[in-house]
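Novice: need coordinates for the below:
(one chain, ligands or ions: 2)
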Amino acid sequence: MNDLGSSLRLTADAAGIAEAARRLGLGQTVAFPTETVYGLGADASDPAAVARIYTAKDRPRFNPLIAHLADAASAKAQGVFDGAASRLADAFWPGPLTLVVPAGPDCTVCDLARAGLASVALRVPGNAIARDLLARVGRPVAGPSANRSGRVSPTKAAHVLADLDGRIDAILDGGTAPVGVESTVVACLGGPPRLLRPGGVTRADLERVLGCALLGPEPAAGTAPIGPGLLVSHYAPRARVRLDAVTVEPGEAVLRFGGMPPVGAGVTSHDLSPTADLGQAAANLFSALRVLDASGAASIAVAPIPQMGLGEAINDRLRRAAAPR
Ligand code: TXA
Ligand code: MG
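Specialist: Ligands and ions are numbered 1, 2, ... in the order given. All right, here's what the predicted structure looks like:
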């Protein structure tokens with residue numbers, strides 16, 4: 001934190017990226033843009049720096065963090081990649097895919113960032129600003145979404161500041177995140193690959209590369225859950241969230257899709273995609289939830305969203321936003 005009690009804003013030009021990298025190297029917390037959502041970065045090899053992430057977010061320490069690397073070679077040096085993990089890395093990095101693999105003998109991601117697990121979550125983001133930043137840091141950068149734990153993820157610098165201004169050292173403003181939902185998390189831990197969290201790479205694209213169906217997150221009988229941090233209530237606005245709404249109750253704000261459900265005059269509503277394009281809907285999702293929440297409505301009615309392509313990730317986030325808190 002700087003001495004004004006607010007976080008330093010950096011523009012994502014060469015000087016701003018260099019300053020962000022310098023601060024990460026000193027153990028500070030710096031929010032940075034990726035193509036999915038903004039991350040809250042800290043040096044993943046430095047437990048004191050990683051502890052600052054958990055504190056700023058109020059994040060439970062049993063929930064491990066993703067380590068971000070500038071390129072696939074640096075990411076592969078951190079973990080043990082089986083055939084499936086290698087194929088996925090080669091097909092989707094850089095991009096919105098996180099691979100959970102056994103930590104390698106030379107892994108520099110500290111125990112705190114891994115929440116004490118024997119595995120490590122690795123990602124090479126597609127955003128050029130992020131990769132430039134990561135290359136300058138030259139170490140893995142831990143990066144959860146840059147929101148208070150349990151709340152809606154940020155797709156703009158203003159969203160990050162709304163949650164974390166004064167709680168983090170700096171933010172690198174790289175504009176709006178184009179994908180809008182987080183990376184897909186796939187575990188490759190020896191057995192068949194498992195989809196731990198749907199996200200920016202669709203199940204269909206993953207299965208095409210793997211040549212087989214992805215299993216779900218449920219652990220094999222008698223083993224511990226793989227994704228300790230996949231909490232049921234998450235991405236939550238202040239308002240209650242009512243799913244699969246085909247009609248609107250008095251006083252509700254409405255999250256629409258493809259023009260549905262119809263709304264009367266004077267109703268606060270936002271259409272995720274008037275043309276029913278799931279990519280556009282994903283990009284707008286978190287911003288729209290924030291806007292509807294700010295209207296002060298006690299409840300947000302959400303139109304049905306098709307469970308195909310990016311719809312799987314959108315529906316996952318909406319179910320968690322609607323879960324009992
Ligand atoms: O798109 C994204 O993935 C963004 C950007 C900033 O990269 N990051 C992000 O991080 O969404 P976070 O912390 O909000 O979500 C990471 C998820 C959590 O559900 C966490 O539990 C899971 O990945 N995870 C991390 N390490 C894991 C591990 N070793 N085993 C299982 N799950 C893990
Ligand atoms: Mg998150």
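
Novice: ok, now which ones touch the most centrally placed residue in the chain?
Specialist: For the chain, Glu182 is the residue whose C-alpha lies nearest the centre (CA atoms, centre = their mean; 3.3 Å). Contact partners of Glu182, counting by CB atoms under 8 Å, 6 or more residues apart in numbering, are Thr36, Val37, Pro96, Ser145, Ser153, Arg197, Gly199, Gly200, Ala313. For every residue, glycine as well, the C-beta is placed using N, CA and C.

Novice: list the contacts for the fifth one?
Specialist: Residues counted as contacts of Ser153 (CB under 8 Å, 6+ apart) are Val37, Tyr38, Ser145, Ala146, Asn147, His159, Val181, Glu182, Tyr235, Phe286.

Novice: 10 Å instead, please
Specialist: Counting by CB atoms under 10 Å, 6 or more residues apart in numbering, Ser153 touches 36-39, 144-147, 159-160, 163, 177, 180-182, 234-235, 285-286, 289-290, 317.

Novice: likewise for the fourth one?
Specialist: Neighbour list for Ser145: 31, 34, 36-40, 57, 66, 151-155, 159-160, 163, 182-183, 234-235, 286 [criterion: CB under 10 Å, 6+ apart].

Novice: just the third one next, same as before
Specialist: Shown here is Pro96, whose contacts under the criterion CB under 10 Å, 6+ apart are 34-37, 123, 125-127, 177-184, 199-201, 313.

Novice: distance-wise, check it relative to ligand 1.
Specialist: The gap separating Pro96 from ligand 1 is 6 Å, by CB to the nearest ligand atom, to the nearest Å.

Novice: same question for the helix or strand where Arg87 lies, mean pLDDT?
Specialist: Element membership of Arg87, judged by DSSP states H and E, is helix 83-92. Regarding helix 83-92, the rounded mean pLDDT is 98.

Novice: helices and strands around it, which ones?
Specialist: helix 72-76, strand 97-102, strand 119-123, strand 184-187, helix 203-210 (3 or more CB pairs under 10 Å, 6 or more residues apart in numbering; DSSP states H and E).

Novice: again, 6 Å this time
Specialist: On a contact count with 3 or more CB pairs under 6 Å, 6 or more residues apart in numbering; DSSP states H and E, helix 83-92 meets helix 203-210.

Novice: follow-up on the earlier one: ok, which of the contacts of Ser145 also contact ligand 1?
Specialist: Thr34, Thr36, Val37, Gly39, Ile66, Glu182, Ser183 (CB under 6 Å from any ligand atom).
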